[in-house]
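Colleague: please work out how this folds:
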Amino acid sequence: MVLAEKGVSCEVVYPDPARIQEDLLDLNPYGSVPTLVDRDLVLYDGRIILEYLDERFPHPPLMPVDPASRARFRIAMLRMERDWYALIAAIDAPGEKTRPALLKQLLASLLQTQPLFANPPYFLGQDFSLVDVTMAPLLWRLPHCGIELTPQAAALRDYAERLFQRPAFARSLSPQESAMRPLSP
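Modeller: Prediction:
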């Protein structure tokens, strides 16, 4: 999504999730995705990749200029990763017996964020940022996980729709993500 926001073309390769490809292991000792190759540089942590791309292609900027705001954005992204994405991973784990409880926990946690979406158009303010880039895939996957945002989550639902309406969002969906649900016109 960052590359699409910045108008940078790239080649995207989707590895077979059933087996780790040797080419990927040659680049990344963990065999994990995403993995970014930019000339002689190889990066393989999502947050590091996001920040690198924002610095490498500075326009439009997706992080604030001042250090305190940048730190707040980094904390927000870390919390999303550890709190919400960890729950999504547990929900999607094969044979997960506590799936209903995890879904309930994720929804409750998301609903607690409602005040953050009451006024500003984006997660932490007026400008689209890496925090929004981090949040968009999670919100996109909610119906696939069995979570529908009810009227009590109107601010969060409206925020999600603003993200999904960005042209860069549609361009960034993988074939698997596109199949999860239709994009609203």
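Colleague: what's in contact with the helix of greatest length in the chain?
Modeller: Longest helix of the chain, by residue count under DSSP state H: helix 130-145. Residues from elsewhere that reach helix 130-145 (CB atoms under 8 Å, 6 or more residues apart in numbering): 1-2, 5, 47, 50-51, 54, 62-63, 73, 76-77, 80-81, 84-85, 88, 91-92, 103, 106, 122-124, 148-149, 156, 159-160, 163-164, 169, 173, 177, 180-181. C-beta: built from backbone N, CA, C; applies to glycine.
Colleague: which of the residues you listed are buried?
Modeller: 1-2, 5, 50-51, 54, 62-63, 73, 76-77, 80, 84-85, 88, 91, 103, 106, 122-124, 149, 156, 159-160, 163-164, 169, 173 (16 or more other CB atoms under 10 Å).
Colleague: now, these that are in strands?
Modeller: Among the buried ones among the contacts of helix 130-145, none falls in strands (DSSP state E).
Colleague: distance of L139 from L111?
Modeller: 13 Å (CB to CB, to the nearest Å).
Colleague: just give me the neighbour total for R19.
Modeller: 9 (other CB atoms under 10 Å).
Colleague: now it: which helix or strand?
Modeller: Using DSSP states H and E, R19 is not contained in any helix or strand.
Colleague: show the pLDDT at it.
Modeller: On pLDDT, R19 comes in at 70.
Colleague: what do you get for P120?
Modeller: 84.
Colleague: what sits against it?
Modeller: Q126.
Colleague: what's the separation between R47 and L107?
Modeller: From R47 across to L107, the span is 24 Å (CB to CB).
Colleague: and V131, by the same measure?
Modeller: Distance from V131 to L107, by CB to CB: 20 Å.
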